[in-house]
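Asks: Need a 3D model of the following:
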Amino acid sequence: MYFCSQVYKKSNKLMKQKNFTAGLVQMQVSPDAKDNMKKAASMVKDAAKKGAQVICLPELYRAQYFCQKEDVELFKLAEPVPGPSTELFSEIAKRHKVAIIVPLFERRGPGVYHNSAAVIDKKGKVSGLYRKMHIPDDPAYYEKFYFAPGDLGFKSIETGYGKVGTLICWDQWYPEGARLTALTGAPVLFYPTAIGWHPYEKEQYGVRQRDAWMTVQRGHAVANGIYVAACNRTGFEKTVDTQAGIEFWGSSFICDPQGVILAEAPVDKETTLIAEIDLALLEDIRLNWPFLRDRRIDAYGDITKRFID
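Replies: Reported below is the predicted structural model:
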């Protein structure tokens, strides 16, 4: 009876979870960290006024995308947790009763840095930290120079409105990360992002690149029966005189568990987006498309191999 009672209590608790409203801040980032913090704070407050309860900022919101080159001086942009960003947004979260996902360049210790996202709950407390697991190394995206791979795993974090999963940018291409995070119980995956076009590629490849980015994340939503909220920056940033720079393609969006776009930002404008995370709809879709039920977990052992020869 004790075991049955505990199972009932847990199930009853899950049934009592309420819908909440997700918000995204799509912003243009300047070379001035203080200005970026001020703008981000203003846009978070605007999203809160529109009814957002869990609000996400874009990846590395506090600085222009510095990974366009390798330069040890740029480690000075990093901050600890707690630090300036978490202190600012903890106060805003507490005052406006919102939860905020704050992506930042984390200084963990001497010589150890991460691309991270601090989740601040509606009481202003840092309730969890996610460190980017997949670290790219592509032209003008030299992240391996700056960031150690995440070591906190894939998880969901409580916000006071409900659990959320947080992955970061390059993570968005990997179905394994989305699946493992979804299995921890979060009804929505937030992807703070800094992705855009190399100007010399845009004409030939731009449409298909952006379409692939949206398609793969909508696929995560469908495959896992989960909401997905991708938060990108917008604007052109050239941090290296001898390089072409990056045109960030904006297009932040929120989609439902069938991949239906509920809200989408333009390519070239700052904006705040909001959409409801409807738990009844999520449950209904999972009951009718029971992908999690039908998984052959007994047959997936080779997924941990680099390649199957």
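
Asks: Check what pLDDT the nearest residue to Val98 once chain neighbours are set aside gets.
Replies: In space, and not counting its chain neighbours, Val98 is closest to Ala48: 4.8 Å by CB to CB, 6 or more residues apart in numbering. The way it works is simple: take the backbone N, C-alpha and C, and place the C-beta from them, glycine included. Looking at Ala48, its pLDDT reads 98.

Asks: Can I take it that Ala48 is in a helix?
Replies: Yes: Ala48: assigned to a helix according to DSSP: H, G, I helix; E, B strand; the rest coil.

Asks: can you count the residues close to it?
Replies: 22 (other CB atoms under 10 Å).

Asks: now swap in Arg62 and tell me
Replies: Arg62 has 23 nearby residues by other CB under 10 Å.

Asks: same question, Gly235
Replies: 18.

Asks: And the host helix or strand of it, what does it pack against?
Replies: For Gly235, the element it lies in under DSSP states H and E is strand 234-237. When contacts are defined as 3 or more CB pairs under 8 Å, 6 or more residues apart in numbering; DSSP states H and E, strand 234-237 sits against strand 246-249.

Asks: The strand it packs on - what's its average pLDDT?
Replies: Across strand 246-249, the per-residue pLDDT values average to 98.

Asks: related to what we said a few turns ago, wait, isn't the residue nearest to Val98 in contact with Ser42?
Replies: No: with contact defined as CB atoms under 8 Å, Ala48 does not reach Ser42; the gap is 10.8 Å.

Asks: for Ala22, what are its contacts?
Replies: 52-56, 188, 190, 227, 229, 254, 274-277 (CB atoms under 8 Å, 6 or more residues apart in numbering).

Asks: right, and out of those residues, which lies closest to Leu167?
Replies: Phe190 (7.6 Å; CB to CB).

Asks: hmm, who's touching the host helix or strand of that closest one?
Replies: Here Phe190, judged by DSSP H and E, is contained in strand 188-192. Applying CB under 8 Å, 6+ apart, the contact partners of strand 188-192 are 22, 54, 56-59, 61, 101, 103, 117, 164-169, 171-172, 178, 181-182, 217, 220-221, 224, 226-231, 277.

Asks: Which ones among these lie within helices?
Replies: Counted as lying in helices by DSSP state H, out of the contacts of strand 188-192, are 178, 181-182, 217, 220-221, 224.

Asks: Tell me how far His63 lies from Tyr142.
Replies: To be clear, residue 63 is Ala; His isn't right here. 15 Å (CB to CB, to the nearest Å).

Asks: ok so, going back, Serialize the contacts of Ala22 to a markdown table and add fields for pLDDT.
Replies: Shown next, in a markdown table, are the contacts of Ala22 (pLDDT from 0 to 100):
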| residue | pLDDT |
| --- | --- |
| Ala52 | 98 |
| Gln53 | 98 |
| Val54 | 98 |
| Ile55 | 98 |
| Cys56 | 99 |
| Val188 | 98 |
| Phe190 | 98 |
| Tyr227 | 98 |
| Ala229 | 98 |
| Ile254 | 98 |
| Ile274 | 98 |
| Ala275 | 98 |
| Glu276 | 98 |
| Ile277 | 98 |
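
Asks: wait, which of the residues you listed is closest to Arg131?
Replies: Distances from Arg131 to these, taken by CB to CB, are shortest for Phe190, at 14.5 Å.

Asks: beta partners for the closest one?
Replies: Thr166, Ala229 (DSSP bridges).

Asks: now swap in Ser156 and tell me
Replies: Gly165.

Asks: ok, back up a step: can you tell me which of the contacts of Ala22 is nearest Lys122?
Replies: Nearest to Lys122 among these, with distances taken as CB to CB, is Gln53, at 7.4 Å.

Asks: Go ahead and confirm the closest one touches Val98.
Replies: Yes: counting by CB under 8 Å, Val98 is a contact partner of Gln53 at 5.7 Å.

Asks: which residues are common contacts for the two?
Replies: In contact with both Gln53 and Val98: 23, 122, using CB under 8 Å, 6+ apart.
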